[in-house]
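**Student:** this one's structure only:
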């Protein structure tokens, strides 16, 4: 009887030890499941991959369209009957760029990282219009599995790419189409709701996207994944611009011209350490976005008919505004009224509203000198 009890105890200890061995293996391979790693690091890296492919390609094409420079408008390559300009080639590589960026953020070994090129292309292509969200999920899972397989055999140069590409393409085939369709459905619902209720949804989309831009996550990646364009895209541009211009202008006393440029044309994410110390400094730009959002949707009917990623960029490199203008060019809808609305919503109103609201916060004692210092 005692022997049976001891055997059961041994089996229990062995079962308890198994997860520990697995956990130790995962730690050795730097595979750690966490919100920060996947929801912040990977998503932020995906946005950088998008910027270096789809977004920069769009900017190149827009410059070519506005200037007529032949070097930017002429076909430089024809692949399977499709003509590509310089910008077009950059845009075509968005899937691989996103996947490699995600792998880099997850510290994938070189063989895994290079194999993600194929995985990104497959998941983006199979995900259709919702390709970015498919790339995000597939690349994260594949990169982690590839890391587990890396350097575990004597034929690593064959085994790691085979595992990474095999798993990635299989997952792309399995989940990319439904994930892409789901993302686009969500985006369609948001855009439909904004058309139906431009005032309320103008506030909601503007505030949520503006907050996402300032948080250490990527509003650009979210907009790209959801395919957020039209009026909803215009509201997103308004909200993101309100955060960036709002923080830049209302912190001018503390940060000067350098702070104005780095926040106004760079990112309001620079204020996150200060927001953690005093969340009330976030009131002014957030309220400003709640005001400019419905102004964009209800008064100026500002739409983003350029790439969806532009909707989440705000005034970063003026990408959001370039996207709106690109839509005007494509649709032939450019007008003086549109330009007035774009300038007011993107620059003038945030520069006036945020400092005024922040002044009220200062009088209430919620914000003090030095709270906005970078």
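**Tutor:** Looks like it arrived, so ask away. Because the structure is predicted, anything quoted here is derived from the model rather than measured.

**Student:** chain neighbours aside, what residue packs nearest to residue 56?
**Tutor:** Nearest residue to residue 56, sequence neighbours excluded (Cβ to Cβ, 6 or more residues apart in numbering): residue 90, at 5.6 Å. Using the backbone N, CA and C atoms, a C-beta is placed for each residue, glycine as well.

**Student:** and the one you found, how close does it get to residue 78?
**Tutor:** 16 Å (Cβ to Cβ, to the nearest Å).

**Student:** list the buried residues of the host helix or strand of the residue nearest to residue 56.
**Tutor:** Element membership for residue 90 (DSSP states H and E) is helix 86-92. Across helix 86-92, burial judged by 16 or more other Cβ atoms under 10 Å covers 86, 87, 88, 90, 91, 92.

**Student:** A helix includes residue 83, no?
**Tutor:** No: counting by DSSP: H, G, I helix; E, B strand; the rest coil, residue 83 is not part of a helix but strand.

**Student:** which ones are touching it?
**Tutor:** 75, 77 (Cβ atoms under 8 Å, 6 or more residues apart in numbering).

**Student:** quick one: secondary structure of the most centrally placed residue in the chain?
**Tutor:** Of all residues in the chain, the one closest to the mean position by Cα atoms, centre = their mean is residue 221, 2.0 Å from it. Classification of residue 221 using three-state DSSP returns helix.

**Student:** which SSE is the closest residue to it other than its chain neighbours in?
**Tutor:** Leaving aside its chain neighbours, residue 221 sits nearest to residue 47 (4.1 Å; criterion: Cβ to Cβ, 6+ apart). Secondary structure from DSSP H and E places residue 47 in helix 43-50.

**Student:** and that helix, what does it pack onto?
**Tutor:** Using 3 or more Cβ pairs under 8 Å, 6 or more residues apart in numbering; DSSP states H and E, the elements in contact with helix 43-50 are helix 94-105, helix 131-149, helix 219-226.

**Student:** got the angle for the first one vs helix 219-226?
**Tutor:** Here the directions of helix 94-105 and helix 219-226 differ by 130 degrees (axes from the mean of the first three to the mean of the last three Cα atoms, to 10 degrees).

**Student:** burial measure for residue 66, as a count.
**Tutor:** As a burial measure, residue 66 scores 13 neighbours (other Cβ atoms under 10 Å).

**Student:** what sits against it?
**Tutor:** The contact partners of residue 66, taken as Cβ under 8 Å, 6+ apart, are residue 329.

**Student:** now do residue 296
**Tutor:** Neighbouring residues of residue 296 by Cβ under 8 Å, 6+ apart: 202, 206, 234, 235, 237, 238, 302, 341, 345.
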